[in-house]
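In: Model the structure of this input:
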Amino acid sequence: MRVNGEAYFLINGWMDFLSLVLTARLASLRLRPGRAALAAAFGAGYALLAHGLWPALRSGPMLAAALIMAGMAWGARGMKSCPLLLAALMLLSGLADFLWARGVPAAGVTALCGLCVLILIRIYEGMKAKSGEGLQLRISWRGRTVCLPALRDSGNLLRDPVTGLPVIVAPSSGLLPLLPEAGLPSGWAELPRGFRLIQARTAAGRGLLPCFHPDAVTLVFHGRVSDADAVIALSDRGVSRALVPDAFFCQEEVDLHA
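Out: Have a look, this model is predicted:
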């Protein structure tokens, strides 16, 4: 399909802008519209020169063009995303060529490429939500609050036999601000007030763990805040993040990835 120079520039600029948007989402980078537009214009100008005035650029290093675009969009720190940006550019360029070869008009090509990027972003965000990546756990008890990184754990099926509530297994080190000054005793003959032992079998292992029912538990996921009622069990068996049961993600009132 033939297109004139102006249309070719605009289409390539749109593809470059979409590539920057996709890269920003996948790499968790902040994308400023003005800088992205300038970077996309540079990429479109490069493509126009390569297919017009200076055909020799076709065999030139596309990686260099992607590197410059990444630098224009995100600065020096964002240039490490250049390989991802290059992959996005190649993906959309291939899709556009595929559509053009089948007689799809320019408007249809731009619309379908935009839809493709939207679908990819939604799939990626859905995968992140399903894995619980970026999940934070806020626990309040007796006037004190701690915030811990958390992970969705489908293997954590533990429930407290006393209250019937799901149990979140958290690293002991992260809960020190909530504990008495003396901390937990080495033996289980004496436990701090409000604690009891629970038989636990999760991805962290199996055994008796001290647990307590905090005043408030809050799940924070990408700015969305949801309250949850749970018992907190302490573990020092290699647990680096709080292990949140699947039960909280299945409840409509705590739907973190809506």
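In: Quick one: mean pLDDT for the biggest strand by length in the chain?
Out: The longest strand of the chain (DSSP state E) is strand 144-153. Here strand 144-153 scores 86 as its mean pLDDT.
In: Would you double-check that residue 97 falls in a helix?
Out: Yes - counting by DSSP: H, G, I helix; E, B strand; the rest coil, residue 97 is found in a helix.
In: Tell me, how many residues neighbour it?
Out: Neighbourhood size, residue 97 [other CB atoms under 10 Å]: 12. C-beta here means a position set from N, CA and C on the backbone, and glycine is covered the same way.
In: got a list of what it touches?
Out: The contact partners of residue 97, by CB atoms under 8 Å, 6 or more residues apart in numbering, come to none.
In: how about residue 43, secondary structure?
Out: Secondary structure, three-state DSSP: residue 43 is helix.
In: any idea how far it lies from residue 36?
Out: 10 Å (CB to CB, to the nearest Å).
In: which of these two has more neighbours?
Out: residue 43 (25 against 21).
In: Quick check: the nearest residue to the more buried one once chain neighbours are set aside vs residue 209, distance?
Out: Spatial nearest neighbour of residue 43, chain neighbours left out: residue 16 (3.7 Å); criterion: CB to CB, 6 or more residues apart in numbering. Distance from residue 16 to residue 209, counting by CB to CB: 53 Å.
In: what do you get for residue 71?
Out: Taken as CB to CB, the span from residue 71 to residue 209 is 50 Å.
In: give me every residue that touches residue 156.
Out: Residue 156 is in contact with 166, 167, 168, 169, 202, 203, 243, 244, 245, 246, counting by CB under 8 Å, 6+ apart.
In: Confirm the fourth one sits in a helix?
Out: The reference is to residue 169. No - Residue 169: not assigned to a helix; according to three-state DSSP it is strand.
In: Which strand residues bridge it?
Out: For residue 169, the beta-bridge partners are residue 233, residue 243 (DSSP bridges).
In: Tell me how many other residues crowd it.
Out: Residue 169, neighbours per other CB under 10 Å, totals 27.
In: now swap in the last one and tell me
Out: For residue 246, the neighbour count with other CB under 10 Å is 14.
In: ok, now how distant is the closest residue to it other than its chain neighbours from residue 118?
Out: Spatial nearest neighbour of residue 246, excluding adjacent residues (CB to CB, 6+ apart): residue 154 at 4.9 Å. Noted for residue 154: a distance of 28 Å to residue 118, by CB to CB.
In: So, low pLDDT: which residues of the stretch 51-200 of the chain?
Out: For the stretch 51-200 of the chain, the stretches with pLDDT under 70 are 51-62, 126-134, 181-189.
In: Output stretch 23-43 as PDB, nothing but the C-alphas.
Out: Extracted in PDB, the C-alpha atoms of stretch 23-43 (Å, rounded to 0.1, in the frame of the first residue of the first chain):
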ATOM      1  CA  THR A  23       7.400   0.300  27.200                       C
ATOM      2  CA  ALA A  24       6.600   2.700  30.000                       C
ATOM      3  CA  ARG A  25       3.900   0.300  31.300                       C
ATOM      4  CA  LEU A  26       6.000  -2.800  31.000                       C
ATOM      5  CA  ALA A  27       9.000  -1.200  32.600                       C
ATOM      6  CA  SER A  28       7.000   0.900  35.200                       C
ATOM      7  CA  LEU A  29       8.400   4.200  33.900                       C
ATOM      8  CA  ARG A  30       6.700   7.500  34.100                       C
ATOM      9  CA  LEU A  31       5.900   8.800  30.600                       C
ATOM     10  CA  ARG A  32       5.500  12.500  30.100                       C
ATOM     11  CA  PRO A  33       3.300  13.300  27.000                       C
ATOM     12  CA  GLY A  34       5.500  16.100  25.800                       C
ATOM     13  CA  ARG A  35       8.800  14.200  25.900                       C
ATOM     14  CA  ALA A  36       7.100  11.200  24.400                       C
ATOM     15  CA  ALA A  37       5.800  13.200  21.500                       C
ATOM     16  CA  LEU A  38       9.300  14.600  20.800                       C
ATOM     17  CA  ALA A  39      10.800  11.100  21.000                       C
ATOM     18  CA  ALA A  40       8.100   9.800  18.700                       C
ATOM     19  CA  ALA A  41       8.700  12.700  16.200                       C
ATOM     20  CA  PHE A  42      12.400  11.800  16.200                       C
ATOM     21  CA  GLY A  43      11.600   8.200  15.500                       C
END
